[in-house]
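*Asks:* Compute the structure for the input listed below.
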Amino acid sequence: WYGFNCGSTLGLSTMERGMMAAQVAMNTTIAGATGGLVVFCLRLAMTKKYDIGGFCNGILAGLVSITAPCGNVECGSAFGIAILGGLLYQGTSSLLRKIKVDDPIDAFAVHGACGAWGTFAAALFDWDEGFDHYHGWSGFSCVTEDDGACLKNVGGDGIAANLAQIVTIALWVAVWSALVFAPLRVVGFLRASDDVQEAGFDTVKHSPSKAYTVDTPKGPETMSA
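*Replies:* Numbering: from 1, shown residues only. The predicted structure is shown next:
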């Protein structure tokens, strides 16, 4: 994540680019750590158990949430974005289970829900004061007019543009997913048979038949002093 977030500065040849990479790295670190802790604490409160898988997905939720705005928000905003990203991830994950959508690794909750949130947050938390100016991809510099002056009253345009991106991407994915998966469902290839699911894909389809092998120790289970 440091590679493609910090790498998106596209160079370190100037002081400004170096400072931008540092800002991006700090935002990325804060968001990942915050998202992980938010989900970890939520799962602990919900299940009374330490959920390491949830902790890892919470880290991913924070990282996904900060990817779009990593170069145009302050560190405090990155913290808040990750908190909301962690909450959104957990809410989406619980909702999918409730409506019986099969997403065993929470891919949509992490990348879909938090990705959309991060895109919106990039405009909402843009680090200019209020909505008078807008930075976006320009980093430390505001979006300017032809004469070099900052464009004014364009914060709302930035939010509208990012919302349009979210809707457009969602529609694009929905249409192409339907074109691919609907025919598979019609011919019966979308879902594995009950027998295959009961035995497990590793056993039926894969070689070796087990992803992990745990050797059971031989001999008595207890030892005497």
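*Asks:* what residue lies at the spatial centre of the protein?
*Replies:* Nearest residue to the geometric centre of the chain (CA atoms, centre = their mean): V64, 2.8 Å.
*Asks:* does that residue belong to a helix or a strand, and which?
*Replies:* Using DSSP states H and E, V64 falls within helix 52-67.
*Asks:* now whatever helix or strand comes next after that helix: mean pLDDT?
*Replies:* The C-terminal neighbour of helix 52-67 among helices and strands, as given by DSSP H and E, is helix 75-98. Averaged over helix 75-98, pLDDT sits at 97.
*Asks:* Buried residues in helix 75-98, which are they?
*Replies:* By neighbour count on 16 or more other CB atoms under 10 Å, the buried set for helix 75-98 is 77-90, 92-93, 96. Every C-beta, even on glycine, is put in place using the N, C-alpha and C of the backbone.
*Asks:* export it as CSV, just CAs?
*Replies:* Listed next in CSV are the C-alpha coordinates belonging to helix 75-98 (Å, rounded to 0.1, in the frame of the first residue of the first chain):
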residue,chain,number,x,y,z
CYS,A,75,-3.8,13.5,9.2
GLY,A,76,-6.7,14.2,11.5
SER,A,77,-9.1,13.8,8.6
ALA,A,78,-7.3,10.5,7.8
PHE,A,79,-8.1,9.3,11.3
GLY,A,80,-11.7,10.2,11.0
ILE,A,81,-12.0,8.7,7.5
ALA,A,82,-10.6,5.4,8.8
ILE,A,83,-13.0,5.3,11.8
LEU,A,84,-16.0,5.7,9.6
GLY,A,85,-14.5,3.2,7.1
GLY,A,86,-14.1,0.6,9.9
LEU,A,87,-17.7,1.2,11.0
LEU,A,88,-18.9,1.0,7.4
TYR,A,89,-17.0,-2.2,6.8
GLN,A,90,-18.5,-3.9,9.9
GLY,A,91,-22.0,-2.7,9.1
THR,A,92,-21.7,-3.9,5.5
SER,A,93,-20.3,-7.3,6.6
SER,A,94,-23.1,-7.8,9.0
LEU,A,95,-25.7,-6.8,6.5
LEU,A,96,-24.4,-9.2,3.9
ARG,A,97,-24.6,-12.1,6.4
LYS,A,98,-28.1,-11.1,7.4
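*Asks:* so it versus helix 52-67, what angle?
*Replies:* If you take axes from the mean of the first three to the mean of the last three CA atoms, to 10 degrees, helix 75-98 sits at 130 degrees to helix 52-67.
*Asks:* just how off-centre is helix 75-98 within its chain?
*Replies:* From the chain centre to the centre of helix 75-98 is a distance of 9 Å (CA atoms, centre = their mean, to the nearest Å).
*Asks:* How about residues contacting that helix?
*Replies:* 23, 26-28, 30-39, 42-43, 54, 57-58, 61-62, 64-66, 69-70, 73, 103, 106, 108-110, 112-114, 117-118, 121, 125, 127 (CB atoms under 8 Å, 6 or more residues apart in numbering).
*Asks:* just stretch 156-170 next, same as before
*Replies:* Contacts with stretch 156-170, where a contact means CB under 8 Å, 6+ apart, come from A116, T119, F120, A122, A123, L124, D126, F131, Y134, G136.
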